[in-house]
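**Student:** sequence below, structure please.
(one chain, ligands or ions: 2)
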Amino acid sequence: MHTTVAIVGAGPAGLLLARLLHARGVDCVVLESRDRGHVERRQRAGMLEQGTVDALRDCGAGARMDREGLVHDGIELRFDGRSHRVDFPALTGGRRVMIYAQTELVKDLIALQLDSGPPLLFEAPVTGVTGVDGGRPTVHYQRNGEPATLTCDYVVGCDGYHGVTRTALPAGARHTFERGHPYSWFAILADVAPSCDELVYAHSPRGFALHSMRSPRVSRLYFQVPNGTDPAAWSDAEIWAELAARLETIGDWRLRTGPITARAVLPMRSSVTEPMRHGRLFLAGDAAHIVPPTGAKGLNLAVADVVELAGAFDRLFADGSPESLDAYSDTRLRAVWRAEHFSALMTSTLHLAPDQDPFTTRLQLAQLHRLADSPHAAAELAANYAG
Ligand code: RFL
Ligand code: PHB
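**Tutor:** Ligands and ions are numbered 1, 2, ... in the order given. The predicted structure follows:
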């Protein structure tokens, strides 16, 4: 088999890139290691920036998102007995965000792809990529347990943090910058109407909590826990009590509770691999960078990478200009590091480290009061969050 662009991984980055290339008449093939059901059920992100929403609409994948997604105009910060709303449209000249689950976005993109898109092969794990320094790279993968190959002009690694394409960058040409965090997120999905209209980010003496949602009937909540926490060790009642203790810190606001349908403990990681290109191999999304979820940037960065890449391929194939493709890594790394900076700031402002001293807690509260009292500081947060 031969194609122009081989895409490794059918997460949001790989699926959207395939759509964008297909719309521009560029031939591609997507290889995904897992089966369709697994990819469609993986619970992950939920907050889409305006730019992500626009990209999905532009490629014809926005119809269900526009019907079922929840448009939000702000977030609430809760700290020190105080509540402060950050109003995105007012602070950013009209930008808004959309709550629409990554699972649903992935289902929409897969349906489009199988209906009218270029080939998408499930259960086709890629084992390696060779020849990216030469003119014709080869992607090695497994099909029904047998080795198979796909030759191509370019390879795009959209295979996430645990993928294999990153290792095709020679060790001497690749640098990965990484930081761990001393806490994880306990994540739950619950069949209960959200207790708030917009997302609530809470700094509390017991640690961070976030109230998000998936629909008018399904809530998504997170709270920080020590690394290594076993999600099965908490009863449903204990989970709700902990969330209530962290979120019910203002007035008579009460947390609604209901049946918990999914739970997981997610370790947090910050990681950037440079460069995002080597020869004919490009990296996009989590394959190149991971951010802690506090700033809700992971999925949005993955989408922005492939929008940039699709435009750059278009300029190469349509009028022979390689400049945008050559600039891809530098262009995206600047945006990636800005997002790492924002995510690190949100994370360190809202979470309590295991051995945190009271001075640091006072500094966090000073930062949060400043966000609430200074329109300038709030505008900076809004611009970063809404994208
Ligand atoms: P994905 O979604 O990880 O997709 C990568 C795809 O590549 C496949 N793959 C391979 N395919 C073929 N051959 C191989 N050798 C392969 N190895 C892997 C995988 O099966 C998969 O289908 O990366 P992508 O497309 O870059 O999308 C990025 C987003 O998924 C990610 O940034 C966000 O979901 C991050 N993230 C969150 N971000 C938020 O903004 N808010 C969240 O609440 C949030 N929760 C999460 C998350 C990421 C998580 N991971 C990666 C563990 C929760 C989790 C659990
Ligand atoms: C989510 O809805 O899953 C979500 C929202 C905002 C975040 C992280 C996760 O910062």
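
**Student:** only C-alpha atoms for contact and neighbour calcs from this point on.
**Tutor:** Will do.

**Student:** residues of the stretch 101-250 of the chain that sit close to ligand 1?
**Tutor:** Proximity of the stretch 101-250 of the chain to ligand 1, by C-alpha under 6 Å from any ligand atom, involves residues 125-127, 158-160, 162-164.

**Student:** again, 5 Å this time
**Tutor:** For the stretch 101-250 of the chain, the contact set with ligand 1 under C-alpha under 5 Å from any ligand atom comprises 125-126, 159-160, 163.

**Student:** show me the strands in the stretch 251-387 of the chain, by range?
**Tutor:** In the stretch 251-387 of the chain, the strands defined using DSSP state E, counting those that start in this stretch lie at 260-274, 277-278, 281-283, 289-290.

**Student:** rewinding a little: so which of the residues of the stretch 101-250 of the chain next to ligand 1 wins on neighbours?
**Tutor:** Among those, residue 159 has the most neighbours (other C-alpha atoms under 10 Å), with 28 neighbours.

**Student:** leaving out the residues flanking it, which one is nearest to it?
**Tutor:** Once flanking residues are discounted, residue 159 sits nearest to residue 9: 4.3 Å by C-alpha to C-alpha, 6 or more residues apart in numbering.

**Student:** for that neighbour, what are its contacts?
**Tutor:** Neighbouring residues of residue 9 by C-alpha atoms under 8 Å, 6 or more residues apart in numbering: 15, 30-33, 157-160.

**Student:** so which of those wins on neighbours?
**Tutor:** residue 158 (32 neighbours).

**Student:** check contacts around it.
**Tutor:** Residue 158 is in contact with 7-11, 13-14, 283-287, counting by C-alpha under 8 Å, 6+ apart.

**Student:** distance from stretch 227-245 to the middle of the chain?
**Tutor:** Here stretch 227-245 is found 24 Å from its chain centre; the criterion is C-alpha atoms, centre = their mean, to the nearest Å.

**Student:** tell me which residues in it are buried?
**Tutor:** For stretch 227-245, a neighbour-count test (16 or more other C-alpha atoms under 10 Å) marks 227, 229, 231, 239-240, 243-245 as buried.

**Student:** quick one: low-confidence ranges for the stretch 101-250 of the chain?
**Tutor:** For the stretch 101-250 of the chain, no stretch has pLDDT under 70.

**Student:** now do the helices in it.
**Tutor:** With DSSP state H, counting those that start in this stretch as the criterion, the stretch 101-250 of the chain has helices at 102-116, 236-247.

**Student:** any chance of these in CSV with distance to residue 25 as columns?
**Tutor:** Below are the helices of the stretch 101-250 of the chain laid out as CSV (distance: least, C-alpha to C-alpha, whole Å):
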stretch, distance to residue 25
helix 102-116, 13
helix 236-247, 49
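
**Student:** tell me which of those helices sits nearest to ligand 2.
**Tutor:** helix 102-116 (8.5 Å; C-alpha to the nearest ligand atom).

**Student:** which secondary structure elements does that closest one contact?
**Tutor:** With contacts taken as 3 or more C-alpha pairs under 8 Å, 6 or more residues apart in numbering; DSSP states H and E, helix 102-116 sits against helix 12-23, helix 36-41.

**Student:** next, the angle helix 12-23 makes with it.
**Tutor:** 30 degrees (axes from the mean of the first three to the mean of the last three C-alpha atoms, to 10 degrees).
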